[in-house]
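Undergrad: what follows is a predicted structure for the sequence shown.
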Amino acid sequence: MDLVFSTEDLPTPKRYNAWREAICDFYVHVDVKATRPEDYRGFIREARFGDIVMTDILLSEQSIRRQSQHISRLDKDCYYLQLIHRGSLNVVQRGSTHSSNAARGAIFCATEQYELQCLGEVRSFYLEIPRADFAQRFASERIPVSAAFNSTQGLGRITTEFCAALAGEGSKLSQDVKAKMGDQLMDILAITLQSAETDTGSLDGSVQQARLRSIRQWIEAHLGDPNLSLERIASANGVSLRYLHHLFRQSEMSASEWIWDRRLQLAYDKIAKGEGHSITSVAFEHGFSSSAHFSTLFRRKFGLSPRDVAKVR
């Protein structure tokens, strides 16, 4: 996908204003209000598949409102589909609120007022879909305004994985093939939305499982930080400390137990590979601030000392 906007190379004081201009240029006219404009960061990458425009976007925490004065400009007559990779976002339209996250996609209409509430930093695919063309795929009484669907199973998962495949492989396709893929994507999405009601029974559990997977991935990337705390994990992932504990109750370990277990397992794997690293360096690399503490926990879990494992290789 082609990079069309990024705050990375802009001076920090200019990033937020540049973002507000960019979101109106690349999407539709809206009001934007960031929680921390002084720390704003974001980017937009774009690919086109016929009449569908796909963007990969990073959003800092903010609210985005499209109001009557924006709609009167008639800038775009489209739907937006969002498929979130990381973070959470609420779509508010016609009095309904649709929660969207790594397990739940959402679609909303740009020709009616809406509000997007980004809960922390959000990374997402957005698909801009021509409204008239998409509406033809529905019976008149079932044309959606806004809706959500389970993106972890069934047709929702097929839609999500198809989008990811297009994003990854689209640059290799001809324009004619891209246009055909765009039409097929609208067909799949329409079927997904029309069957979404039958998919909602296990949605809550799927949402929590996907949220837990996302948080675990974040933790894995930060295991080397000896100051990693549950409070920091919760804050960075846009959840409360209480909800973080709730998510880990789905597994056999608490959040703290899981962190130490992963550190020990990864440390064991590195020592067992025999790449010449000292026991102390492995311990520090995996978030332990004391080699003695590391050795005690290591022996407790594996029944062997780190040096015993190193000798076995």
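TA: It's in.

Undergrad: so what pLDDT did Leu10 get?
TA: Looking at Leu10, its pLDDT reads 91.

Undergrad: which residues touch the residue nearest to it when sequence neighbours are not counted?
TA: Of all residues not flanking Leu10 in the chain, Ala18 sits nearest, at 5.6 Å (Cβ to Cβ, 6 or more residues apart in numbering). Any C-beta I mention is one placed from the backbone N, CA and C, and that applies to glycine too. Going by Cβ atoms under 8 Å, 6 or more residues apart in numbering, Ala18 touches Phe5, Thr7, Leu10.

Undergrad: all the strands of the stretch 101-250 of the chain, residue numbers only.
TA: Along the stretch 101-250 of the chain, counting by DSSP state E, counting those that start in this stretch, strands occupy 104-109, 114-130, 147-150.

Undergrad: now do the first one against strand 114-130, angle only.
TA: Yep, that's strand 104-109 we're talking about. Interaxial angle, strand 104-109 versus strand 114-130 (axes from the mean of the first three to the mean of the last three Cα atoms, to 10 degrees): 80 degrees.

Undergrad: any idea how far strand 104-109 is from the chain center?
TA: Relative to the centre of its chain, strand 104-109 is centred 14 Å away, using Cα atoms, centre = their mean, to the nearest Å.

Undergrad: mind giving me the packing neighbours of it?
TA: Judged by 3 or more Cβ pairs under 8 Å, 6 or more residues apart in numbering; DSSP states H and E, strand 104-109 is in contact with strand 78-93, strand 96-100, strand 147-150, helix 154-169.

Undergrad: one step back: okay if I get the contacts of Ala18 as CSV plus distance to Tyr126?
TA: Listed next are those as CSV, based on distance: Cβ to Cβ, whole Å:
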residue, distance to Tyr126
Phe5, 13
Thr7, 17
Leu10, 21
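
Undergrad: and which of those residues is nearest to Ala292?
TA: Thr7 (44.4 Å; Cβ to Cβ).

Undergrad: what's the closest non-adjacent residue to that closest one?
TA: Arg15 (4.1 Å).

Undergrad: pull up the gap between the one you found and Ser140, please.
TA: Going from Arg15 to Ser140 by Cβ to Cβ, to the nearest Å gives 45 Å.

Undergrad: distance check, Glu285 against Pro226.
TA: Counting by Cβ to Cβ, the gap from Glu285 to Pro226 is 10 Å.

Undergrad: cool, Ser256 as well?
TA: 14 Å.

Undergrad: correct me if wrong: the residue nearest to Thr7 contacts Arg41.
TA: Yes - with contacts counted by Cβ atoms under 8 Å, Arg15 reaches Arg41, the gap being 6.6 Å.

Undergrad: so for the two, which residue has more residues nearby?
TA: In terms of neighbours (other Cβ atoms under 10 Å), Arg15 is the more surrounded of Arg15 and Arg41; the figures are 22 against 16.

Undergrad: assign that one to helix, strand or coil.
TA: helix (DSSP: H, G, I helix; E, B strand; the rest coil).

Undergrad: check what pLDDT it gets.
TA: Reported pLDDT for Arg15: 91.

Undergrad: so what's it up against?
TA: Thr7, Tyr40, Arg41, Gly42.

Undergrad: nearest to Phe149, of those residues?
TA: Nearest to Phe149 among the contacts of Arg15, with distances taken as Cβ to Cβ, is Gly42, at 25.6 Å.

Undergrad: what number of residues are in the vicinity of the closest one?
TA: Neighbours around Gly42, by other Cβ under 10 Å: 23.

Undergrad: just Ser151 next, same as before
TA: Ser151 has 29 nearby residues by other Cβ under 10 Å.

Undergrad: that one and Leu83 touch, don't they?
TA: Yes - at 6.3 Å, Ser151 counts as touching Leu83 under the criterion of Cβ under 8 Å.

Undergrad: where do the contact lists of the two overlap?
TA: Joint contacts of Ser151 and Leu83 (Cβ under 8 Å, 6+ apart) are Gly105, Thr159, Thr160.

Undergrad: and the second one, how far is that from Gln153?
TA: Relative to Gln153, Thr159 is positioned 11 Å away (criterion: Cβ to Cβ).

Undergrad: the two: who's more crowded?
TA: More neighbours surround Thr159 than the other of Thr159 and Gln153, with 23 against 13 (other Cβ under 10 Å).

Undergrad: list the contacts of that one.
TA: Contacts of Thr159 (Cβ under 8 Å, 6+ apart): Leu83, Gly105, Phe149, Ser151, Leu185, Ile188, Leu189, Thr192.

Undergrad: ditto for Asn237
TA: Gly87, Gly120, Ser214, Ile215, Trp218, Leu244.
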